[in-house]
Structure formats: C-alpha cells, structure tokens
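[1] build me a model from this:
(one chain, ligands or ions: 1)
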Amino acid sequence: EEKDGIQSAERYVDGLFEEDEQWAKVREQLAANDMPDISVEPGYGRLLTLLVRASGVQDALEIGALGGYSGICLARGIRDGGSLVSLELKPEFAAVAKSNMEAAGFGDVVEYRIGDAMKSLEQLAEEGRKFDFFFIDADKGGYPAYLEWAIKLARPGAVIAADNTLLRGKTVDMTRTGPSVLAIRAFNEAIARDERLLGAMLPSYDGLALAVVK
Ligand code: SAM
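    Purely as a prediction, here's the structure:
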C-alpha cells in the first residue's frame with residue numbers, strides 16, 4: 001500500500017533498497033496505538049542516516065518524535081557515545097517512540113523532552129546545549145521559529161533538515177493562504193536566502209529542506 005503523493009520515480013527508487021524492517025515495526029506500533037501514519041519516508045530516513053554519518057554528528061536534536069522512526073534513522077548515523085534529544089508534545093507518543101527506540105537498540109542514545117517544543121528549546125538554550133544536527137518535523141506553523149532556535153543552538157557547520165516543506169502541494173498552490181502554508185513558505189524562503197545558512201531543497205516525496213549553518 002502506497003502513501004499519498006508518492007510518484008512512480010519514487011516507487012522505483014524505493015524498490016531498489018531492501019525494506020527497512022524498523023519502518024515496518026514502527027508502522028505496526030503506530031496502527032496499534034491509534035497514531036497517525038506520518039513518519040518520515042524511508043528514502044529520506046536513509047538520507048538522514050547518511051548525512052548524520054557523513055558529518056560525524058555527536059549530538060542531534062529532533063523536533064517531533066511520533067513513533068520514533070526518524071529517531072532510529074538519526075541514531076543509526078550518530079557516532080559512538082553520541083546523543084539524540086527528541087522533543088515531543090504528546091507523552092503517549094513519546095512513550096511509543098521510546099519503546100521503539102529501545103527495541104531498535106538505541107535506548108541509551110535518546111533523551112525525550114515532553115511538551116511544546118518551544119518550551120523545550122528555550123530550556124535547552126538555558127542549559128547551554130549545542131547540537132551538530134537538527135531534524136525539524138513537528139507542527140508546520142512552528143517551522144520559522146524552530147529554524148531560529150536551530151541556528152541559535154547550532155555548533156558551527158551544523159546541519160538542519162526539515163520534512164514536509166511542500167505540504168502535499170499546498171506550498172506551491174498560491175491560492176492557499178492558511179497559517180501553516182504561510183509559515184512553511186517563510187521557512188523555505190529563509191532556507192534559500194538567509195545569509196547565515198547554505199541551503200538546498202529536495203522536491204521529492206513531500207519536500208525536504210537542508211541547510212548548513214555557516
Ligand atoms: N519525526 C517523526 C518521524 O519521522 O518518525 C514524525 C513526526 S510527526 C510528522 C509530528 C510530531 O510532532 C507528532 O508526533 C506531534 O505530536 C509532534 N508535535 C506537534 N506539535 C508539537 C509541538 N508544538 N512540540 C513538540 N512536538 C510537536
């Protein structure tokens with residue numbers, strides 16, 4: 001069964017790779033716990049692992065845990081002894097994510113912070129925490145603020161990735177002017193033009209923004 005909006009080229013590319021068994025396991029848990037089936041696509045999950053591995057990430061931060069699939073992808077790339085802080089609004093989702101991370105062998109790597117990400121980000125800044133990699137994948141209206149926080153909490157050269165920058169076509173449909181759409185457009189423009197960043201955007205699946213903090 002395919003998810004909405006997946007094109008034939010994406011299906012072809014997906015078919016080249018062996019199915020990620022953790023993807024299937026997390027989806028089972030999402031269904032069993034009445035959670036939405038909106039984890040990052042495995043193709044982008046693989047890219048997250050690759051980017052984290054290639055840039056030698058020690059400390060990663062994710063905004064939006066859901067069932068832990070992106071957490072697993074990030075943890076696969078993090079250096080030995082490294083860490084992942086995962087921010088999740090809903091305690092019941094964080095519990096599912098934690099159990100999936102533990103089942104995948106990454107229980108020791110991850111620390112969950114429950115509640116509104118804006119509050120957790122403020123707290124991480126107060127604690128003087130810094131990160132080498134950010135994955136933004138929570139409420140779309142928050143993206144511009146999450147980008148500012150990521151820049152603030154970044155070590156030099158840190159990488160920022162953000163999913164769903166196309167909002168299933170809404171981003172490019174100029175008749176759509178809802179708050180999430182406007183926030184995502186502002187976020188995408190910052191990825192393209194903010195002088196503190198070197199940005200790029202991948203328009204496959206639901207759109208992935210990438211940037212390096214200069
Ligand atoms: N990154 C996950 C993955 O790929 O496996 C998927 C995350 S899902 C698209 C978005 C998540 O963000 C949901 O679990 C939702 O509860 C969480 N979320 C929404 N608003 C939030 C907020 N203000 N602070 C923290 N988490 C939030």
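
[2] for this protein, what lies in contact range of the ligand?
    For the chain, the residues in contact with the ligand (CB under 6 Å from any ligand atom) are 38-40, 64-67, 69-70, 87-90, 93, 116-117, 137-139, 142. Yep, even glycine has a C-beta here, placed from its N, CA and C like the rest.

[3] write the ChimeraX selection for whichever of those residues are buried.
    To isolate the buried members of the residues of the chain next to the ligand in ChimeraX, using 16 or more other CB atoms under 10 Å:
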select :39,40,64,65,66,67,69,70,87,88,89,93,117,137,138,142
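
[4] of the residues of the chain next to the ligand, which belong to helices?
    Among the residues of the chain next to the ligand, DSSP state H puts 69-70, 93, 117 in helices.

[5] in what helix or strand does residue 212 lie?
    Per DSSP states H and E: residue 212 is located in strand 208-213.

[6] now do that strand: distance to the chain's middle.
    Relative to its chain's centre, strand 208-213 lies at 11 Å (CA atoms, centre = their mean, to the nearest Å).

[7] residues in contact with it?
    The set of residues external to strand 208-213 that reach it, using CB atoms under 8 Å, 6 or more residues apart in numbering, is 44, 47, 51, 150-151, 154, 156-163, 165, 187-188, 191, 194, 196-202.

[8] against residue 105, how distant is residue 34?
    26 Å (CB to CB, to the nearest Å).

[9] and these two? Which one has more around it.
    Neighbours were counted for residue 34 and for residue 105 using other CB atoms under 10 Å; residue 105 has more, 12 against 7.

[10] now the farthest one out in the protein, which residue is it?
    residue 175 (27.3 Å; CA atoms, centre = their mean).

[11] beta partners of the most centrally placed residue in the chain?
    With distances taken as CA atoms, centre = their mean, the residue of the chain nearest its centroid is residue 135 (3.5 Å). Residue 135 forms beta bridges with residue 62, residue 161, as assigned by DSSP bridges.

[12] looking at it, it is touching residue 57, isn't it?
    No. When contacts are counted by CB atoms under 8 Å, residue 135 is not listed as touching residue 57 (10.7 Å).
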